[in-house]
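Asker: Got a predicted structure here, sequence first:
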Amino acid sequence: MNKKVLTVCVILLLSVGIAGILLAGFFEKQSYPLKYSEYVDKYCAEYGVPRSLVYAVIRTESRFDPEAVSRVGAKGLMQLMPDTYSWLSRLMECDEEPEKITDPETNIKYGVYYLGHLYKRFGSASWETALAAYNAGHGRIGQWLQDSRYSDDGKTLKEIPIEETRNYLKTVFDAKEKYEKLYGKELDLG
């Protein structure tokens, strides 16, 4: 094989490799989108919640389907239970109609507020505790924090007794990490 042919082959292989890397990144971003960014940006800034965490919650909860309804009746992008939505409406002093629970802006506003509220309620010890409360319920987390089997200090969980919640935390934090890897500084600009 002469030098010109070899050079062309090397350039072609490098080009294919680079194109493959770019395509892989493109497809990863399709799986981890930044949909509804105007609402995520607005309410994360207002309520002090990391954007990567909110995108990870939305991806995990609903795969960005605003009409999603869980087997237990949670609704919308951030999968809010109707009772939680109603309680948050009173807490936030908003007068939202029950049917607005699936409206993307309303659902994100309430979901982000709730995450921020849980983070503050549990002493800003960790997003893990707030996220466990988001999944398992704040009352249950309060009980776990008072139980020495699950918490040494009453502020952070050393163990989560429900497998579904353990799996939920892993899934959300894996997605959060993926968002940060894929978008990096772009997530910090919101």
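Answerer: Sure thing, it's come through. Residues are numbered from 1 along each chain as shown.

Asker: in this structure, which spans are strands?
Answerer: For the chain, no strands are identified by DSSP state E.

Asker: Any regions of it where pLDDT drops low?
Answerer: When residues are selected by pLDDT under 70, those of the chain lie in 1-27, 125, 186, 188-190.

Asker: domain ranges for it?
Answerer: Using automatic domain parsing, the domain parsing of the chain gives 1-31, 35-188.

Asker: which of these sits most buried?
Answerer: Stretch with highest mean neighbour count among those: domain 35-188 (a mean of 17; mean count of other Cβ atoms under 10 Å). From N, CA and C alone the C-beta is placed, and that goes for glycine too.

Asker: residues contacting Asp83?
Answerer: By Cβ atoms under 8 Å, 6 or more residues apart in numbering, the contact set of Asp83 is empty.

Asker: I figured His138 was touching Leu118, is that so?
Answerer: Yes - taking contacts as Cβ atoms under 8 Å, His138 lies within contact range of Leu118: 6.1 Å.

Asker: So what does Tyr32 have for phi and psi?
Answerer: Dihedral pair for Tyr32: phi -130, psi 70, per degrees, to the nearest 10.

Asker: these two touch, right, it and Leu187?
Answerer: No - checked against Cβ under 8 Å, the pair Tyr32 and Leu187 is beyond contact range at 10.9 Å.

Asker: what sits in contact with each of those two?
Answerer: The contact sets of Tyr32 and Leu187 overlap at Tyr55, Tyr179 (Cβ under 8 Å, 6+ apart).

Asker: one step back: name the residues contacting each of His138 and Leu118.
Answerer: By the contact definition Cβ under 8 Å, 6+ apart, His138 and Leu118 are jointly contacted by no residue.

Asker: and Ser89, what is it in contact with?
Answerer: Taking Cβ under 8 Å, 6+ apart as the criterion, Ser89 is in contact with Asp95, Glu96, Tyr110.

Asker: So which of those residues is the closest to Leu80?
Answerer: Closest to Leu80 out of the contacts of Ser89 is Tyr110 (5.9 Å), distances taken as Cβ to Cβ.

Asker: Now do the contacts for that closest one.
Answerer: Tyr110 makes contact with Met78, Leu80, Tyr85, Leu88, Ser89, Met92, Glu96, Ile101 under the criterion Cβ under 8 Å, 6+ apart.

Asker: And for Trp144?
Answerer: Each residue near Trp144 by Cβ under 8 Å, 6+ apart is listed here: Ala132, Tyr150, Ser151, Leu157, Ile160, Pro161.

Asker: now do Lys42
Answerer: Lys42 touches nothing, counting by Cβ under 8 Å, 6+ apart.

Asker: Can you tell me how far Pro104 is from Gly139?
Answerer: Separation of Pro104 from Gly139 (Cβ to Cβ, to the nearest Å): 28 Å.

Asker: To clarify, my last question referred to Ala130.
Answerer: 14 Å.

Asker: for Gly76, same thing?
Answerer: Computed with Cβ to Cβ, the distance linking Gly76 and Gly139 is 22 Å.
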